[in-house]
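Novice: Provided below are the primary sequence and the corresponding predicted coordinates.
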Amino acid sequence: MKNLFSPEWMQAYQAQWNQDQELKEALAQIHFDSNIGYGFKNDAHPRGVIIVQNGEVIAAEPYHNQPLNWDLRADEKDWQQWLKRGIKMMGLSTAYVQGKMKFAVGDYTAMIKDPRMVKPFLKTFAVMGQVS
């Protein structure tokens, strides 16, 4: 596996995301545009960023001070576990409450209350798990 959130990994993630029609269509229906950062809890900044327009990832790149709508952080061991097994709603809630998953930017509470967003969000973990 490529190094998690490295430029190569982010490019592979973009390709996997864009191949998943169910994910793209669900987000296109709600006109989802977002800059999403991914990284590790103790880092000052995310490692990688995807830029999503109308549900499709149009760019995947290293973080270089892009404005973010979401910034997801966790320890590498937790990321690896979620990528291997995926994550369900209960697991997401537990990870958030226990502080394993941090939203450095973004409104976790608003997202989980909107089924149009939470289902695709959970799906992104399965898509990440397909990156090799």
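Specialist: Now that the structure is in, tell me what you want to look at. Numbers count the residues shown, from 1 in each chain.

Novice: For the lowest-mean-pLDDT helix or strand in the chain, buried residues please.
Specialist: Across the helices and strands of the chain, the lowest-confidence element by mean pLDDT, DSSP states H and E is helix 108-112, at a mean of 87. For helix 108-112, burial by neighbour count (16 or more other Cβ atoms under 10 Å) applies to 108, 111-112. (Glycine included, C-beta is placed from N, CA and C.)

Novice: same check, this time on stretch 78-92
Specialist: Within stretch 78-92, the residues that qualify as buried are 78-79, 81-83, 86-87, 91-92, counting by 16+ other Cβ under 10 Å.

Novice: now do stretch 30-41
Specialist: Across stretch 30-41, burial judged by 16+ other Cβ under 10 Å covers 32, 35-40.

Novice: can you list the weak-confidence ranges in the chain?
Specialist: 1-2 (pLDDT under 70).

Novice: which helix is the longest one in this structure?
Specialist: With secondary structure taken from DSSP state H, the chain has its longest helix at helix 115-129.

Novice: Turn the buried residues of stretch 30-41 into a markdown table, columns for distance to residue 104 and secondary structure.
Specialist: Output for these, formatted as a markdown table (distance: Cβ to Cβ, whole Å; DSSP: H, G, I helix; E, B strand; the rest coil):
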| residue | distance to residue 104 | secondary structure |
| --- | --- | --- |
| 32 | 19 | coil |
| 35 | 13 | strand |
| 36 | 11 | strand |
| 37 | 8 | strand |
| 38 | 10 | strand |
| 39 | 8 | strand |
| 40 | 11 | strand |
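
Novice: how about the residues you listed in JSON lines, adding distance to residue 98?
Specialist: JSON lines is the format used below for those (distance: Cβ to Cβ, whole Å):
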{"residue": "32", "distance to residue 98": "27"}
{"residue": "35", "distance to residue 98": "26"}
{"residue": "36", "distance to residue 98": "22"}
{"residue": "37", "distance to residue 98": "21"}
{"residue": "38", "distance to residue 98": "19"}
{"residue": "39", "distance to residue 98": "18"}
{"residue": "40", "distance to residue 98": "16"}
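
Novice: I'm done for today, thanks for sticking with me.
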